[in-house]
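*Asks:* requesting a structural model of the entry that follows:
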Amino acid sequence: MTKVIRNSAILVALSACSIILCGCDDGSSPSGNDFRIEPSRVTLSLTEETVTLTVIGGLEPLTWAVTTNALGTVSGSGRTVTYTRTDLTGANHVEVTDNQTWTATAIITQMGEEEEEEEDEPLTVSPTSATLDYDGDQVVFTASGGIEPYSWEVGDSSLGTVSWDASSTAIYTRNTTGENTVVVYDHEGHAALAEVNQP
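*Replies:* Got it, this is the predicted structure:
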């Protein structure tokens with residue numbers, strides 16, 4: 001009789017531990033590289049009314065929202081939506097929440113007529129795509145247009161890293177397999193994106 005009671009107590013204790021461990025797994029939060037919006041920062045002039053936003057990672061269904069409807073709205077659903085600005089100026093936040101309540105945010109800065117200077121060349125990055133076959137392979141990306149200085153980042157730093165000496169050029173180094181992106185931002189927050197294929 002004593003053995004039966006002891007065995008039951010052990011089973012109850014093991015079950016409780018399993019529930020606790022499962023709860024920790026389900027409630028874990030992703031890193032910024034696991035669940036994010038690309039681009040994460042955008043500057044729109046009066047002539048640039050819309051921008052396409054794409055969420056990376058997370059579990060569907062996804063819920064999109066903006067913090068200030070007077071500045072702009074989001075249309076569409078799923079992983080890719082379109083943000084449309086109004087004539088008002090300011091900074092708006094676009095948020096997406098996934099099925100596990102993880103949240104990612106993109107910041108939309110809307111310029112007014114008085115803030116716009118002479119028309120500048122649009123920000124571009126070259127090449128717009130590259131394929132790196134082996135770990136350690138590198139490719140040089142060059143930014144042009146926009147307003148310097150530039151800053152660079154990668155979509156997933158576990159797949160590859162980016163470094164730069166001169167602000168207009170950056171060297172991307174492959175770490176492991178997987179699709180990655182390289183993003184360059186100019187001083188006004190405009191973004192240009194290049195895709196990196198890593199078979």
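
*Asks:* quick one: residues contacting the closest residue to residue 177 other than its chain neighbours.
*Replies:* Nearest residue to residue 177 in three dimensions, chain neighbours excluded: residue 198, at 5.2 Å (C-beta to C-beta, 6 or more residues apart in numbering). (Each C-beta comes from the backbone N, C-alpha and C, glycine too.) Taking C-beta atoms under 8 Å, 6 or more residues apart in numbering as the contact definition, residue 198 lies against 131, 132, 159, 160, 174, 176, 177, 178, 179, 180.

*Asks:* one more pass at 7 Å, please.
*Replies:* Neighbour list for residue 198: 132, 159, 174, 177, 178, 179, 180 [criterion: C-beta atoms under 7 Å, 6 or more residues apart in numbering].

*Asks:* equivalent analysis for residue 182, please.
*Replies:* 141, 152, 154, 162, 172, 194, 196.

*Asks:* farthest pair in these?
*Replies:* 152 and 196 (12.6 Å; C-beta to C-beta).

*Asks:* with neighbour numbers in mind, choose between these two.
*Replies:* residue 196 (25 against 19; other C-beta atoms under 10 Å).

*Asks:* do I have it right that that one meets residue 173?
*Replies:* No: assessed by C-beta atoms under 7 Å, residue 196 is found out of contact with residue 173, at 10.3 Å.

*Asks:* residue 90 against residue 110, yeah?
*Replies:* Yes: between residue 90 and residue 110 there is a contact at 5.9 Å, judged by C-beta under 7 Å.

*Asks:* mind listing which of the contacts of residue 182 are in strands?
*Replies:* 141, 152, 154, 162, 172, 194, 196 (DSSP state E).

*Asks:* low-confidence ranges, this structure, go.
*Replies:* 1-33, 114-120, 166 (pLDDT under 70).

*Asks:* apply 50 and report the result again.
*Replies:* 1-29, 31-32, 118 (pLDDT under 50).

*Asks:* run through who's touching stretch 73-86.
*Replies:* By C-beta under 7 Å, 6+ apart, stretch 73-86 touches 44, 49-55, 62, 64, 66, 70-72, 94, 108, 110.

*Asks:* could you export that stretch as PDB, CA atoms only?
*Replies:* Once non-C-alpha atoms are left out, stretch 73-86 reads as follows in PDB (Å, rounded to 0.1, in the frame of the first residue of the first chain):
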ATOM      1  CA  THR A  73      -3.800  53.000 -42.400                       C
ATOM      2  CA  VAL A  74      -2.800  49.400 -43.200                       C
ATOM      3  CA  SER A  75      -4.600  47.400 -45.900                       C
ATOM      4  CA  GLY A  76      -4.300  43.700 -46.700                       C
ATOM      5  CA  SER A  77      -3.700  40.700 -44.500                       C
ATOM      6  CA  GLY A  78      -1.300  37.900 -44.000                       C
ATOM      7  CA  ARG A  79       2.400  38.400 -44.200                       C
ATOM      8  CA  THR A  80       2.400  41.300 -46.600                       C
ATOM      9  CA  VAL A  81       0.400  44.500 -46.200                       C
ATOM     10  CA  THR A  82       0.400  48.000 -47.600                       C
ATOM     11  CA  TYR A  83       0.700  51.100 -45.400                       C
ATOM     12  CA  THR A  84      -0.900  54.300 -46.900                       C
ATOM     13  CA  ARG A  85       0.000  57.700 -45.300                       C
ATOM     14  CA  THR A  86      -2.200  60.700 -45.100                       C
END
